[in-house]
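*Asks:* Compute the structure for the input listed below.
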Amino acid sequence: MHRLLIGVLMITLAFGCAPARVIDFVNEEMDFSNYRSYRLINFQSDNKSYSAEGTAFFNQIEQEIRLNMQVKEFAEQKKDADLIVRYEIMSTVTAETQGNTNYYDPYYYYSPPPRTVHYTEGLLLIEFRDAKKKKLVWQASLDLKYSRKETPEMTLKKTIDRIFQTYPYKAGSNEKLSEDTNR
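*Replies:* Predicted coordinates:
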């Protein structure tokens, strides 16, 4: 089952998913100046049943998250981190049946069979949790839509960069970043 999920996700990204919209939440009640370090986790990446391509895919996501955390001046720590940074990928395949369109010819009547089209849709979610208080600090997700214009690697980079643009603070600061300095 896990290989099927990774396979579907890789196919989706292989055709270049184009990001649609970022949905984010910032818990304004938190003191952002307390956050200087993080620990990155993904419960799914610890699963050993993924293929080499699936493992490489998770590694690329983690690399892009680390780069964005460095831009925001956070330090990665394995123990006693201020934030737990978690990511999750969700995807689904939906089917749409397109109805019959009657073809009219005065000498011949033809009704083609219905056509079913399958779409793969995905979502990448990244969240920060306060490691001590266990409270949500920030969360953002981005819908992934089908497009063939970019490589999967470039699409993934752009997606994660767009998600991180919604986190408005640098490490150890309560001062919001302006749009220009927010990567």
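
*Asks:* And the strands in this structure?
*Replies:* If DSSP state E is used as the criterion, the strands of the chain fall at 17-26, 37-41, 75-76, 83-98, 103-105, 108-110, 115-130, 136-146.

*Asks:* any low-confidence regions in this structure?
*Replies:* The chain contains residues with pLDDT under 70 at 1-20, 43-48, 99-112, 118-120, 144-148, 179-183.

*Asks:* other SSEs contacting the longest helix along it?
*Replies:* Secondary structure of the chain per DSSP state H: the longest helix is helix 52-71. Counting contacts by 3 or more C-beta pairs under 8 Å, 6 or more residues apart in numbering; DSSP states H and E, helix 52-71 packs against helix 2-14, strand 37-41, strand 83-98, helix 152-164. (C-beta placed from N, C-alpha, C; glycine too.)

*Asks:* I'd like the strands of the chain laid out as JSON lines, including distance to residue 158 and mean neighbour count.
*Replies:* Shown next, in JSON lines, are these (distance: least, C-beta to C-beta, whole Å; neighbours: other C-beta atoms under 10 Å):
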{"stretch": "strand 17-26", "distance to residue 158": "7", "mean neighbour count": "16"}
{"stretch": "strand 37-41", "distance to residue 158": "20", "mean neighbour count": "18"}
{"stretch": "strand 75-76", "distance to residue 158": "22", "mean neighbour count": "13"}
{"stretch": "strand 83-98", "distance to residue 158": "16", "mean neighbour count": "15"}
{"stretch": "strand 103-105", "distance to residue 158": "42", "mean neighbour count": "9"}
{"stretch": "strand 108-110", "distance to residue 158": "45", "mean neighbour count": "8"}
{"stretch": "strand 115-130", "distance to residue 158": "11", "mean neighbour count": "16"}
{"stretch": "strand 136-146", "distance to residue 158": "10", "mean neighbour count": "19"}
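
*Asks:* and stretch 27-38, which residues are buried?
*Replies:* Neighbour counts over stretch 27-38 (16 or more other C-beta atoms under 10 Å) mark 30, 32, 35-38 as buried.

*Asks:* buried ones in the longest helix of the chain?
*Replies:* 54, 57-58, 60-62, 64-65, 68-69.

*Asks:* so what's the residue with the shortest distance to the centre of the chain up against?
*Replies:* Residue closest to the average C-alpha location in the chain (C-alpha atoms, centre = their mean): residue 124, at 1.9 Å. Contacts for residue 124 (C-beta atoms under 8 Å, 6 or more residues apart in numbering) come out as 61, 87-89, 141-142, 144, 159-160, 163.

*Asks:* Tell me how far residue 51 lies from residue 57.
*Replies:* 9 Å (C-beta to C-beta, to the nearest Å).
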